[in-house]
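In: Predicted model, plus sequence, below.
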Amino acid sequence: MTKITRVVFLIYILWVILVAVLSLGGFIAFGNGLGDVFYLISVVLFTVFALLIYLRISKGRSGRSEMYAFIFFLIVAVVFYSLKLTLLRGPEYPWNGRIFL
């Protein structure tokens, strides 16, 4: 089970890196102008929190239900931030049917 958790966490980390690089490069936006910094900071803080939970899980100090909750937690975060990058963009750059600006 830890192998599945490791793969899911690796995919999440790659997604965070991709979002951060593309957002800082100006290719994608949350649609709030300077307020996009708030979302990037929240993604980073969420990732630090997820890293702490992942380290606890990888050391074997957690049960099966905590692993499932962790995986669900990461999936919800990716879905929420992906929706904020697309359909739920802010008023400065509203959704125009394209991911990249």
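Out: Received the coordinates, thanks.

In: which element is the residue positioned nearest the centre of the chain on?
Out: When C-alpha atoms, centre = their mean is applied to the chain, the residue found nearest the centroid is residue 78 (4.4 Å). Using DSSP states H and E, residue 78 sits within helix 64-85.

In: Assign residue 31 to helix, strand or coil.
Out: coil (DSSP: H, G, I helix; E, B strand; the rest coil).

In: Repeat that for residue 20.
Out: Classified using three-state DSSP, residue 20 is helix.

In: So it sits against residue 43, correct?
Out: Yes - under the criterion of C-beta atoms under 8 Å, residue 20 makes contact with residue 43 at 7.0 Å. From N, CA and C alone the C-beta is placed, and that goes for glycine too.

In: So these two - more neighbours on which side?
Out: residue 43 (19 against 14; other C-beta atoms under 10 Å).

In: doesn't residue 84 make contact with that one?
Out: No - in this structure, residue 43 is not within contact of residue 84 by C-beta under 8 Å, at 9.8 Å.

In: picking that back up, and the helix holding residue 78, how far out from the chain's middle?
Out: 8 Å (C-alpha atoms, centre = their mean, to the nearest Å).

In: same deal with stretch 5-15?
Out: 10 Å.

In: try stretch 48-66
Out: 17 Å.

In: Likewise for stretch 10-20?
Out: For stretch 10-20, the distance to the chain centre is 7 Å (C-alpha atoms, centre = their mean).

In: average pLDDT across that stretch?
Out: Averaging pLDDT along stretch 10-20 yields 96.

In: What are the buried residues along it?
Out: 12, 15, 16, 19 (16 or more other C-beta atoms under 10 Å).

In: Relative to residue 69, which of those residues is nearest.
Out: residue 12 (14.4 Å; C-beta to C-beta).

In: Kind regards, and thank you for your time.
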